[in-house]
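**Student:** any chance you can model this:
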Amino acid sequence: MLPRRTEASTVMKLIFFLMVLCAVDIIHAQRVDPAPSQSVTCRPFGACEPCPQDALHEPFCHPFGNRQLMHCSNTTTTMPPDYPNPTSPSSEAPGSLGETPAWQPCGRITAQERADFYEFVACNFFFAATTIGVALFRSRRIEAHQARRLAARIGLVRGGG
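**Tutor:** Numbers count the residues shown, from 1 in each chain. Here you go, the predicted model:
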């Protein structure tokens, strides 16, 4: 009979082996091989643009409310190795069966973000200038009021009475 410590170690090794075997089986079952004769390839077409008001609920308008047009093609061949930045101005990949427009989400539009930032800075500058102006006006008014009270207290004001 094996010592208790060795039995526990053997049981743990067996449980670990079964867990790994189950994980490999699950991963193998989830692997999907696309049909080798056809695949869909999408390429960006155009720049990011704001989503229209009626499309803001669509998934391609999340998270920033911008979208980019894509041209998707059913292709029978693979894309050239320089796909993201092709050196030749070919508009379609060989074996293309047609293009379908689609949308993808994209990041923030830099020009719009820059304009929003400058608008924010201008509003802050306006509020700061207004606040400083009001503070200066109030301090001068309070200072004048205190000077009049002091003058009245020490009798510098000549009045009828």
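
**Student:** ok, the spatially closest residue to C51 that is not a sequence neighbour - contacts?
**Tutor:** Distances taken as C-beta to C-beta, 6 or more residues apart in numbering place C61 nearest to C51, at 3.8 Å, with adjacent residues excluded. C-beta: built from backbone N, CA, C; applies to glycine. Contacts for C61 (C-beta atoms under 8 Å, 6 or more residues apart in numbering) come out as C51, A55, R67, P105.

**Student:** what's the next secondary structure element after the helix or strand hosting V20?
**Tutor:** For V20, the host element (DSSP states H and E) is helix 4-30. The helix or strand immediately downstream of helix 4-30 is strand 39-44, counting by DSSP H and E.

**Student:** now do the buried residues in that following strand.
**Tutor:** Going by neighbour count (16 or more other C-beta atoms under 10 Å), the buried part of strand 39-44 is T41, R43.

**Student:** pairing partners for it, with directions?
**Tutor:** As defined by DSSP bridges, the strand partners of strand 39-44 come to strand 66-75 (antiparallel).

**Student:** and the strand it pairs with, how far from the chain's centre?
**Tutor:** Counting by C-alpha atoms, centre = their mean, to the nearest Å, strand 66-75 is centred 20 Å from the centre of its parent chain.

**Student:** I'd like the next helix or strand past that strand.
**Tutor:** Next helix or strand after strand 66-75 toward the C-terminus (DSSP H and E): strand 99-105.

**Student:** now the host helix or strand of F137 against strand 66-75, angle please.
**Tutor:** Using DSSP H and E, F137 maps to helix 110-154. Here helix 110-154 runs at an angle of 170 degrees relative to strand 66-75 (axes from the mean of the first three to the mean of the last three C-alpha atoms, to 10 degrees).

**Student:** what pLDDT is listed against the residue nearest to C51?
**Tutor:** What the model reports as pLDDT for C61 is 82.

**Student:** torsion angles phi and psi at it?
**Tutor:** The phi/psi pair for C61 (degrees, to the nearest 10) reads phi -100, psi 0.

**Student:** swap in F45?
**Tutor:** As for F45, its main-chain torsions (degrees, to the nearest 10) stand at phi -140, psi 110.

**Student:** burial of the closest residue to S39 other than its chain neighbours, as a residue count?
**Tutor:** Take S39 and drop its neighbours on the chain: the residue closest to it by C-beta to C-beta, 6+ apart is T75, 5.9 Å away. By the criterion of other C-beta atoms under 10 Å, T75 has 17 neighbours.
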